[in-house]
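# model this:
(one chain, ligands or ions: 2)
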Amino acid sequence: MNTEISIIRPDDWHLHLRDGEMLGAVLPSSARIYGRALIMPNLVPPVTTAKLAESYRKRIKEALPEGSDFKPLMTCYLTDSTSEKDIHTAYAVKAFHAAKLFPSGATTNSENGVTDIKNVYPVLEAMQEIGMPLSVHGEVTDPEVDIFDREAVFIEQVLEPVRRDFPELKIIFEHLTSKSGVDYVFEQDEYLAATITPHHLLLTRNDLFAGGMNPYMYCLPVAKTFEDREAIHKAAISGDKRFFLGTDSAPHPARMKEKVGAAAGIFNAPTSIGYVTQVFEELDALDKLEGFTSIYGAGFYGFLPNGSTITLAKQEEPVEMNWQIKVGGDVVKIFKPDTPLFWDLVD
Ligand code: DOR
Ligand code: ZN
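Numbers count the residues shown, from 1 in each chain. Ligands and ions are numbered 1, 2, ... in the order given. This next block holds a predicted model:
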């Protein structure tokens, strides 16, 4: 017998859509599922001004399938020279819904990111004042720090001082991967929230090496240990409104993944909600799904939940699909962990 579940249409609070042909190819997968998404600004060149954000938003709207109500919510890529004045006006007219902190060198297209958090202190001050959320890639970039500890060290070296200096700045600790991160968020107050991705609910670092080194399991922050994943599970199903879904769906062409220096990023949009539902079912927490996917994130960003619903059904056989999409002369492979997928969007 098929089990079905209907939930308020979810939002994706962390999404990479890219631009041009890639945008056109990947956008329908998200628009089919999500009502809104917070769009990451790490294009080349990055989305650093309201003007750039507005033209990017228009390109996204134009690439939407006909009749889609999907709403892209734009973010500002912080650089060492972002001015607080620009942020102020852009947030007031909703040209930006958040500013994104990429520590310079932390991940894909972060070269123009912030080199020292103190450089953006005046901007953080202004954001605190106007209630504009700061979305954070929480990893230090020091090559001397073990890659699996970079999230924990970021808390100590960057997040904790920022929290102390701007206690009422709304911060989203993006794509949480570690027990240290989870424990930290639980200890804090309502000004700190965190997103959790489908892939970090499923993967551990073993998956990077299972059956040989696998770049399709590689993203940043990198998946961690079983203990870390268990902490991520607990946070996701806790019913605590500070933890919500951000897929971090990050498409790269196969030619950029299957090479030395493979690009970091997992394209999970098509199966994201199916896998999240499956993990919640396995953890016997389907009653906590809707809060995590459709209510808490909206609340944090000052929105009401979406007005429509989606229905997912558990299939008897694993979901079959073409696990890649075409982009020009290349393909983008869809996230396919070892765990077969049984949950599918049916309505
Ligand atoms: O794995 C990742 N891919 N992590 C990020 O932080 C960026 C993203 C991308 O843009 O490809
Ligand atoms: Zn991301």
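# Any residues of the stretch 51-200 of the chain in contact with ligand 1? List them.
107-108, 137 (CB under 6 Å from any ligand atom). C-beta: built from backbone N, CA, C; applies to glycine.
# out of these, which is most surrounded?
residue 137 (25 neighbours; other CB atoms under 10 Å).
# Make sure that one is actually in contact with residue 103.
Yes: Residue 137 is within contact range of residue 103, at 6.4 Å (criterion: CB atoms under 8 Å).
# can you list residues touching both of these two?
residue 110 (CB atoms under 8 Å, 6 or more residues apart in numbering).
# returning to that earlier point: tell me which of the residues of the stretch 51-200 of the chain next to ligand 1 fall in helices.
In helices, judged by DSSP state H, none of those are found.
# Which residues does the helix or strand bottoming out on mean pLDDT in the chain contact?
Comparing helices and strands within the chain by mean pLDDT, DSSP states H and E singles out helix 84-92 as the least confident, with a mean of 90. Helix 84-92 has contacts (CB under 8 Å, 6+ apart) with 49-50, 53, 76, 96-97, 99, 122-123, 125-127, 130, 132.
# which strands and helices sit next to whichever helix or strand comes after it?
Where DSSP states H and E defines the elements, the next helix or strand beyond helix 84-92 is strand 98-101. For strand 98-101, the packing partners by 3 or more CB pairs under 8 Å, 6 or more residues apart in numbering; DSSP states H and E come out as strand 71-77, strand 134-136.
# quick one: strands adjacent to strand 98-101?
Sheet pairing of strand 98-101 (DSSP bridges) gives strand 71-77 (parallel), strand 134-136 (parallel).
# backbone phi and psi for residue 6, please?
phi -110, psi 130 (degrees, to the nearest 10).
# what's the nearest residue to it if we skip its chain neighbours?
In this structure, residue 6 finds its nearest non-sequential neighbour in residue 311, 4.6 Å apart by CB to CB, 6 or more residues apart in numbering.
# any idea how far the one you found lies from residue 347?
4 Å (CB to CB, to the nearest Å).
# out of those two, which sits in the busier spot?
Set residue 311 next to residue 347 and count neighbours by other CB under 10 Å: residue 311 wins out with 12 against 9.
# all strands for the protein, in order.
With strands called from DSSP state E, the chain shows them at 3-8, 12-15, 36-39, 71-77, 98-101, 134-136, 171-173, 192-196, 243-245, 309-314, 324-327, 330-333, 343-345.
# and those strands as CSV, adding mean pLDDT?
Shown next, in CSV, are the strands of the chain (pLDDT from 0 to 100):
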stretch, mean pLDDT
strand 3-8, 97
strand 12-15, 99
strand 36-39, 98
strand 71-77, 98
strand 98-101, 98
strand 134-136, 98
strand 171-173, 98
strand 192-196, 99
strand 243-245, 99
strand 309-314, 98
strand 324-327, 98
strand 330-333, 98
strand 343-345, 97
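# ok so, going back, possible to save the helices and strands packed on strand 98-101 as a markdown table with mean neighbour count and distance to residue 294?
Shown next, in a markdown table, are these (neighbours: other CB atoms under 10 Å; distance: least, CB to CB, whole Å):
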| stretch | mean neighbour count | distance to residue 294 |
| --- | --- | --- |
| strand 71-77 | 23 | 14 |
| strand 134-136 | 24 | 19 |
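# Would you format the ones you listed as a markdown table with distance to residue 84 included?
Listed next are the helices and strands packed on strand 98-101 as a markdown table, based on distance: least, CB to CB, whole Å:
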| stretch | distance to residue 84 |
| --- | --- |
| strand 71-77 | 11 |
| strand 134-136 | 13 |
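# quick one: which of the ones you listed is nearest residue 320?
strand 71-77 (30.3 Å; CB to CB).
# starting at the chain centroid, how far to that closest one?
Remark: strand 71-77 is offset 12 Å from the chain centroid, using CA atoms, centre = their mean, to the nearest Å.
# JSON lines for the strands of the chain, including distance to residue 59?
Below are these laid out as JSON lines (distance: least, CB to CB, whole Å):
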{"stretch": "strand 3-8", "distance to residue 59": "28"}
{"stretch": "strand 12-15", "distance to residue 59": "15"}
{"stretch": "strand 36-39", "distance to residue 59": "11"}
{"stretch": "strand 71-77", "distance to residue 59": "9"}
{"stretch": "strand 98-101", "distance to residue 59": "18"}
{"stretch": "strand 134-136", "distance to residue 59": "21"}
{"stretch": "strand 171-173", "distance to residue 59": "24"}
{"stretch": "strand 192-196", "distance to residue 59": "24"}
{"stretch": "strand 243-245", "distance to residue 59": "25"}
{"stretch": "strand 309-314", "distance to residue 59": "26"}
{"stretch": "strand 324-327", "distance to residue 59": "16"}
{"stretch": "strand 330-333", "distance to residue 59": "18"}
{"stretch": "strand 343-345", "distance to residue 59": "25"}
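# how long is stretch 110-118 end to end?
Start to finish, the residues bounding stretch 110-118 are 17 Å apart (CA to CA, to the nearest Å).
# got the contact list for that stretch?
42, 45-46, 48, 77-80, 101-106, 120, 137, 158, 161-162.
# Recalculate using a threshold of 6 Å.
The contact list for stretch 110-118 (CB atoms under 6 Å, 6 or more residues apart in numbering) reads 46, 78-80, 101-104, 120, 158.
# Spell out which residues sit in contact with residue 132, please.
So residue 132 contacts residue 91 (CB under 6 Å, 6+ apart).
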